[in-house]
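S.K.: sequence isn't available, so here's the structure alone:
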């Protein structure tokens, strides 16, 4: 619980610092109370980040931490109300149903803050005595670490199934290299990384090739000096207690000087780059005396830090159904005479499937089942209680995976635990999840990075730590688009979410709504009556709901995130829907994309004064956004992309000065006064992502040509000319005269019905461009060369290029490489005139620099 409370406390503290630092008027009205709160949060945040062991020893501490979490969330509600009122203090509309000077609001808020500070003070008094205890406990750790010399676990080749290809692949890397060989085996806990390494060092070819083979278990607690001490001790076969760090390194070098050596560092959690550079430098690399280092790790970043190339990083797959059954049988059928058939066999195979191809889970559950193999009732009981068996405290499977969770920094723990609301085998969308994080304040912008950018970075970190399985990702930079969780990882996350009281689950691991629930992933099977008393809910994402009665949900005063994007909501009354939505006064993220029958966003939208993310993408019936949407001053994301019947966005859009992402902006005729004009975008200086479309009606006046150039933060621009049917030449000529900001990093041009690119697509005008995507166009050349001598001398910084459905494009690969020397990623499809390209140009092809 401690790390999550620490993350929550830190988030609230940062919000308070920002509000008081910016001298937000309504926050200053309660400055004394907010200052007290801030000081206590700083103290307790330092405490909870250091109490991992104390919480299990004292029920009083656990109760205090639970209270603290509740108080932090309550304080967040009060601060949100104050900040929203401050944002709209000059607005003519009523806020929260009261005027900004409403004395009742000030009285009520002051009373709440005093109560919150009182509870914090009481909690701090309970926790303070444990700070010194915790510090002394932590400082004493490590004094006994030298007594731990960890070696390879017992190796039983009869327990190995399905790893032949893995072993042969790594052996190929070992024997084919001319230099010191560094190989990494990366994967989630329980996947069989250690088993693969064990099989390699027991392989006859490997044994014949190395004079010394050393295994060191690189546990989380072990120090660099211990690794060297353990390595030397294994090399010379005697105690080396008297050696210091420099002596150890020197001795290792002497011992290995004339020997070929294979070293396995098992279960590496983190690495000091300088130390590793010094250690690896002593490994022999002379002809005939080569060394190889194999590491196993759960974190791909560790392999990168150790200088291991991605081409020498092996990521084992889970076992397929046949391999899983064979391994399961080895442990479940301990006697060769044991057999099962009929319904018993079906139940046992269902149990094996639930292990999800994870070797550790298969072995554990198989061994558990072995003494009960003859009883249908006993087997059914194990199947029915599978969730309970794998999440109990003494489960070896959960203990292994828990290590990965415990090792996460607290901000990643908070992000990961959100996954608990998704059903089994659910394909999760990165954008939806990151919008949730942003809406609830779990991820906030930091320095020059937006909250969305940080969200994708955090997701990438979880991928590298092998906690999620990537489905679709962008080839250029690996940005994750969608992903899944292994069932066992989901069990782990659900277990922790339940302990933290963010969610509740039944005996089968399915989520259920309770009065204490903070997050819900709503599915049809849920008991809708249970939602009448869920006032603490902060996030509700509809997963598969087709029909629902909004009255079942009642008042949700704390709700920050509401997402219908995975739900069809057939037959719902749109007016009733918005009447209910407009009652959610603290709502920060609303996704109503794809809802059938949604033709307009009504004026009641103005009541959502805390709304920061509004997503309506793929709303095929949407025709009209009420102008009141321009009063939502806190909006940072507005997405109306792929709404074919929406002709324009309302005039006044420029008032949304905090907007960072705008998708679906339609450049209309200047004569339509009710339409937002390109000129208004000048006011959106925070914009980082802009997706616009042009049509036959598009008009861009002279004073609008430099509208985009004012956007000093713009990184991503997409221009789609698909709606230019009859007047494309004139519209594209206007686009040609635009001036773009030099900071642009990604450019997407689609459906350009002309032979050349706009004149501003050149390295002088776009010196920071890293990725260029061209799709469905009549381009014949990329016009990289230009009559302007300065442009002629400029060199592209482009690293990624995507060319799709450019049937007339005529480019030679050699010329392209000269023009784009930094190019490292290329994606091509249906470009029939390209010459000598290193990948297919007709069917989808991909080229990566340095890879065959």
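M.R.: Sure thing, it's come through. On a predicted model such as this, the values are computed, not experimentally measured, just so you know.
S.K.: buried ones in the longest helix seen in the chain?
M.R.: Longest helix in the chain by number of residues (criterion: DSSP state H): helix 59-87. If you call a residue buried by 16 or more other C-beta atoms under 10 Å, then helix 59-87 has these buried ones: 61, 64-65, 68-69, 71-72, 74-87. For glycine as for every other residue, the C-beta is placed from the backbone atoms N, C-alpha and C.
S.K.: what do you get for stretch 378-387?
M.R.: Residues 379, 382-383, 386-387 are the ones in stretch 378-387 that count as buried (16+ other C-beta under 10 Å).
S.K.: who are the packing partners of the longest helix of the chain?
M.R.: Helices and strands touching helix 59-87, by 3 or more C-beta pairs under 8 Å, 6 or more residues apart in numbering; DSSP states H and E, are helix 2-21, helix 25-28, helix 31-48, helix 103-127.
S.K.: same list (those helices) but as TSV, adding mean pLDDT and mean neighbour count.
M.R.: Listed next are the helices and strands packed on helix 59-87 as TSV, based on pLDDT from 0 to 100; neighbours: other C-beta atoms under 10 Å:
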stretch	mean pLDDT	mean neighbour count
helix 2-21	70	19
helix 25-28	59	17
helix 31-48	78	19
helix 103-127	85	15
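S.K.: which stretch among these comes nearest residue 183?
M.R.: For residue 183, the closest of the helices and strands packed on helix 59-87 is helix 2-21, at 32.9 Å, according to C-beta to C-beta.
S.K.: in terms of model confidence, name the weakest of the buried residues of stretch 378-387.
M.R.: When these are sorted by pLDDT, the bottom entry is residue 387 at 74.
S.K.: which secondary structure elements does the helix or strand hosting that residue contact?
M.R.: Here residue 387, judged by DSSP states H and E, is contained in helix 386-391. Here helix 386-391 is seen to pack against helix 359-369, helix 396-406, helix 487-499 when contacts are counted using 3+ C-beta pairs under 8 Å, 6+ apart.
S.K.: quick check, nearest of the buried residues of stretch 378-387 to residue 461?
M.R.: Nearest to residue 461 among the buried residues of stretch 378-387: residue 387, at 27.6 Å, using C-beta to C-beta.
S.K.: contacts only, for the closest one.
M.R.: By C-beta atoms under 8 Å, 6 or more residues apart in numbering, residue 387 lies in contact with 491, 505, 507-509.
S.K.: that one and residue 525: what is the separation?
M.R.: Separation of residue 387 from residue 525 (C-beta to C-beta, to the nearest Å): 16 Å.
S.K.: which one of the helices and strands packed on helix 59-87 lies closest to residue 818?
M.R.: helix 2-21 (48.1 Å).
S.K.: isn't residue 678 up against residue 707?
M.R.: Yes. Between residue 678 and residue 707 there is a contact at 4.9 Å, judged by C-beta atoms under 8 Å.
S.K.: looks like residue 833 contacts residue 812 (just checking).
M.R.: No. Using C-beta under 8 Å as the test, residue 833 is too far from residue 812 to be in contact (10.2 Å).
S.K.: do a quick rundown of the strands in the stretch 451-600 of the chain.
M.R.: 469-473, 480-484, 504-505, 511-512, 519-522, 539-542, 561-563, 589-591, 600-601 (DSSP state E, counting those that start in this stretch).
S.K.: give the pairing partners of the first one; include direction for each.
M.R.: Just to be clear, that refers to strand 469-473. Using DSSP bridges, the strands paired with strand 469-473 are strand 480-484 (antiparallel).
S.K.: list the buried residues of the strand it pairs with.
M.R.: Applying 16+ other C-beta under 10 Å to strand 480-484 flags 480, 482-484 as buried.
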